[in-house]
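1. Fold the stuff below for me.
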Amino acid sequence: MSNAALSPIRRNTTLAMEVTDRLRKAILTGELAEGTTLPEAQTALKFGVSRVPVREALVELERQGLVDYDRNGRACVRPFTDDDIYEILSLRAVMQTMAARFAAAELTADDVARLEALIAKAEKTPDLTEFSALDTAFHDEIMAIARHRRLQRAWADLRPQMELWLARLHRRRESVKHDVRKATLTSHREMLDVLKTRKPEAAARMMQRHCSWTDLFPATPKPRAIPPSETR
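-> Model (predicted):
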């Protein structure tokens, strides 16, 4: 385990929350690679805390879909299977397309300003992990603009896994094509331009295309066939 990721905690915060945050950041940056085991005792020793906040943190990270437990009860950083990725991406596409449709109808000048600010911040950051977080934040904002509370709650459940997948895939694509920032920023600007037309169906179509551009990433599984509808 990375010494930088797991150095002793010195801040006066709720320990379980702090451990959760530190582990989550280490997972998102790749300091803790997928499949890395997270034994309670060793992790607690690294952080300089008891095992209780570590145990609570691992339970929370499991709830978020970032940590798995094996049959022996050992925690590890969750590796995504092809089925995991298919489910994350297909659900993301449905939810974000729905959000874009509602957001186009609800968009205000303040909403536009917040989306533009996120794009501008993403343009300036040299850090790929922060860039990935800003990519997710752009979609969070569209979800908020949709003003659909139940949709937002459903997105909150998917979001941690979506952010982890995006961070991993950004690193992978950047190592191969070196175009993550350009491709993402271009797509976000196009998305914002369509939202500004206030045309819900046009926004939904653009979001659907935006969600599918990730098919260009290496190792993204092909979509499974949709079962045919039964006829009576």
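
2. Only C-alpha atoms from now on, for both contacts and neighbour counts.
-> Will do.

3. Any idea how many residues pack against the closest residue to Glu56 other than its chain neighbours?
-> Ranked by CA to CA, 6 or more residues apart in numbering and with sequence neighbours excluded, the top spatial neighbour of Glu56 is Ala16, at 6.0 Å. For Ala16, the count of nearby residues is 19 (other CA atoms under 10 Å).

4. cool, the one 4 residues further on as well?
-> Counted with other CA under 10 Å, the burial measure for Thr20 works out to 20 neighbours.

5. residues touching the spatially most central residue of the chain, list them.
-> The residue lying closest to the centre of the chain (CA atoms, centre = their mean) is Glu163, at 1.3 Å. Residues counted as contacts of Glu163 (CA atoms under 8 Å, 6 or more residues apart in numbering) are 28, 132-133, 136.

6. quick check: longest helix of the chain.
-> The residue-count maximum for a helix in the chain (DSSP state H) belongs to helix 149-176.

7. re earlier: mind checking how far the residue nearest to Glu56 is from Ile27?
-> 16 Å (CA to CA, to the nearest Å).

8. and what of Ala133?
-> 13 Å.

9. ok, those two, which is more surrounded?
-> Ranked by neighbour count (other CA under 10 Å), Ala133 and Ile27 place Ile27 first, with 22 against 16.

10. List of residues touching the helix or strand harbouring that one?
-> Assigned by DSSP states H and E, Ile27 belongs to helix 15-29. The contact list for helix 15-29 (CA under 8 Å, 6+ apart) reads 5-6, 9, 32-34, 47, 49, 52-54, 56-58, 60-61, 66, 77, 129, 163-164, 167-168.

11. try 7 Å
-> 5, 32-33, 53-54, 56-57, 61, 129, 164, 167 (CA atoms under 7 Å, 6 or more residues apart in numbering).

12. Who wins on neighbours among those?
-> Result: Val54 is most packed of those (other CA under 10 Å), 27 neighbours.

13. Let me know whether my guess that it is in a helix holds.
-> Yes. Membership of Val54 in a helix is supported by DSSP: H, G, I helix; E, B strand; the rest coil.

14. list the contacts for it?
-> 16, 19, 40, 44.

15. repeat that for 8 Å
-> So, once contact is read as CA under 8 Å, 6+ apart, Val54 ends up touching 16, 19-20, 40, 43-44.

16. Columns distance to Met191 on top of the residues you listed, output as CSV?
-> Listed next are those as CSV, based on distance: CA to CA, whole Å:
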residue, distance to Met191
Ala16, 38
Val19, 36
Thr20, 33
Glu40, 44
Thr43, 42
Ala44, 44
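
17. Columns pLDDT on top of these, output as CSV?
-> Putting those into CSV (pLDDT from 0 to 100) gives the following:
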residue, pLDDT
Ala16, 93
Val19, 96
Thr20, 97
Glu40, 95
Thr43, 96
Ala44, 96
